[in-house]
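>>> This is a predicted model, with the sequence first.
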Amino acid sequence: MERVLRNRILIFLVLAAVGAVVLIRLSGRQPVAKITAVRPVRQNIVAFISSNGKVEPVSPYVMRAQLDTFVESVRVVEGQSVRKGQVLMELNVKDASAQLAEARSKLLRAEDDLRAASSGGRPDEAARTSGALATAVATRDRLRRNHDALERLIAQQAATKDELTANDLDLAKAEVEVTRLSAVKQEFDRGVKFDASRSQLQVQEAQNAVAALQEKVRDGRIVAPANGTLYSLPVKSGDYVRVGDLLSEMADLHDIRVRAFIDEPELGALEPNQPVKITWDALPNQTWIGKTEVIPKQVVARGTRSVGELLCAVSNPKLELLPNINVNVRINSKEQDNVMTVPRGAVETEDLHSFVFVVKPIEFSVTKSKLQRREIRVGIADATDYEVLSGIRDDDLIALPGDIDLRDGMAVRVINTDASSVRGRSDGH
């Protein structure tokens, strides 16, 4: 009897030991990692790009000084809406007006010289030169006729040879005078032609000078070239300005352009006509809507960043966005409705492959589970979630990393499965 009792006690102890070993293995003496896990959520997801940008007018008008002078008066204020033709300011153009009067006087003299040269020279000079030559020719011709007549009279013994000699002497002088005056006439004619060319050049130079000075005088009265908003007015009455100095800038600001600076890795997601939302820190409760317009064709350095400059067309109906201010830009690049999503923090990327850790129950354990590393295929992403195209099901439980590194086959205990609270924390709210 005692022997049977001892055997039973021994068997009980053995069974107790085996049970203890099993319990130790099931419960584990090592600490079990505590994690948070979530299930995939079906929702609409919008992938977007966030960056900064600068407001620009679409068609700006820039007015600059065309002469060195003082600003006489300014008739508008910065930010004012102006109409086409409205006077913005007036510059001192007294010197230019005086120069214009002198240039006009020079032009009149040059035109008078040109008319004279074109008609054969000045009438008094032309008449004197031509008259002298004609008189010399007439005298020579008369002396030639006298020579012939005297020769006939000498043959008839009606005249003497002395008379013929005296006539021939006068004829020789007349021939020399005709030659001299012919040369003078030719020189006069050449001078007239030269004067015509020179006068034509002088007229053209004078006309150019008059036109330039007229433009300067007109530029002394600065007017609005179109309807719009005067968004820059760096001068005031009494200021001295030099040629090329900025006087004012204006544009129609109902439709503006935002130059967004997009980091190089995000350029591939850009397309024309994607929705754009603009915010400005100065008016935090307002947004402006636009669309992408000109996609960057090159990357440039901007500080420590490599960016493409994206041009966005933006509506500005209340004229609140001003040129050159810095704004925040959000571009909705892609959108998917009712798709499976998991938090971004749950996804690991390695060699262009994406993975999650799926929580799997452990047999014979109520509180413990183990992790299974599983490859998934992801689609678009927003600030908090990835779209999952394949690799998990809607009822899978997905582990989120915490203070420990997750590993395939790792034993864990799930302490929280509240998907909304997890997503809220990951979004920073």
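Yep, it's here. Just so it is clear, the structure is predicted and the values come from calculations on it, not from any experiment.
>>> Okay, helices next: where are they in the chain?
Per DSSP state H, the chain carries helices over the ranges 2-27, 94-118, 123-155, 161-219, 419-426.
>>> comparing the ones you listed, which gets the lowest mean pLDDT score?
The weakest mean pLDDT among the helices of the chain belongs to helix 419-426, with a mean of 46.
>>> Mark out where each domain of the chain begins and ends.
29-45+337-426, 50-59+253-335, 64-92+221-249, 95-213 (automatic domain parsing).
>>> Tabulate the ones you listed (CSV), appending distance to residue 11 and mean neighbour count.
Every C-beta, even on glycine, is put in place using the N, C-alpha and C of the backbone. As requested, the domains of the chain are exported to CSV (distance: least, CB to CB, whole Å; neighbours: other CB atoms under 10 Å):
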stretch, distance to residue 11, mean neighbour count
domain 29-45+337-426, 23, 16
domain 50-59+253-335, 69, 16
domain 64-92+221-249, 97, 16
domain 95-213, 122, 15
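>>> For those, give me JSON lines that also has distance to residue 15.
Output for those, formatted as JSON lines (distance: least, CB to CB, whole Å):
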{"stretch": "domain 29-45+337-426", "distance to residue 15": "17"}
{"stretch": "domain 50-59+253-335", "distance to residue 15": "63"}
{"stretch": "domain 64-92+221-249", "distance to residue 15": "91"}
{"stretch": "domain 95-213", "distance to residue 15": "116"}
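>>> Backbone dihedrals for the residue nearest to residue 215 when sequence neighbours are not counted, please?
Once flanking residues are discounted, residue 215 sits nearest to residue 66: 7.0 Å by CB to CB, 6 or more residues apart in numbering. Here is the backbone geometry of residue 66 (degrees, to the nearest 10): phi -100, psi 0.
>>> residues in contact with residue 66?
Counting by CB atoms under 8 Å, 6 or more residues apart in numbering, residue 66 touches 215, 216, 219, 243.
>>> Just the buried subset of those, please.
Buried subset of the contacts of residue 66 (neighbour count, 16 or more other CB atoms under 10 Å): 216, 219.
>>> list the contacts for the nearest residue to residue 302 once chain neighbours are set aside?
Nearest residue to residue 302, sequence neighbours excluded (CB to CB, 6+ apart): residue 261, at 5.7 Å. Contact analysis of residue 261 by CB under 8 Å, 6+ apart lists 51, 52, 53, 302, 305, 307, 308, 309, 310.
>>> Surely residue 305 touches residue 263?
Yes. Using CB atoms under 8 Å, residue 305 makes contact with residue 263 at a distance of 6.1 Å.
>>> Tell me how far residue 391 lies from residue 332.
Distance, residue 391 to residue 332, by CB to CB, to the nearest Å: 26 Å.
>>> Give me the pLDDT for the residue nearest to residue 302.
We have a pLDDT of 96 for residue 261.
>>> any idea how far residue 308 is from it?
8 Å.
>>> now swap in residue 374 and tell me
36 Å.
>>> for residue 258, what are its contacts?
For residue 258, the contact set (CB under 8 Å, 6+ apart) comprises 53, 54, 55, 56, 276, 278, 290, 311, 312, 314, 327, 329.
>>> which residues does the last one form a beta bridge with?
According to DSSP bridges, residue 51, residue 278 are recorded as the beta-bridge partners of residue 329.
>>> Touching, it and residue 278? I think so.
Yes. Counting by CB under 8 Å, residue 329 does reach residue 278; the two are 6.1 Å apart.
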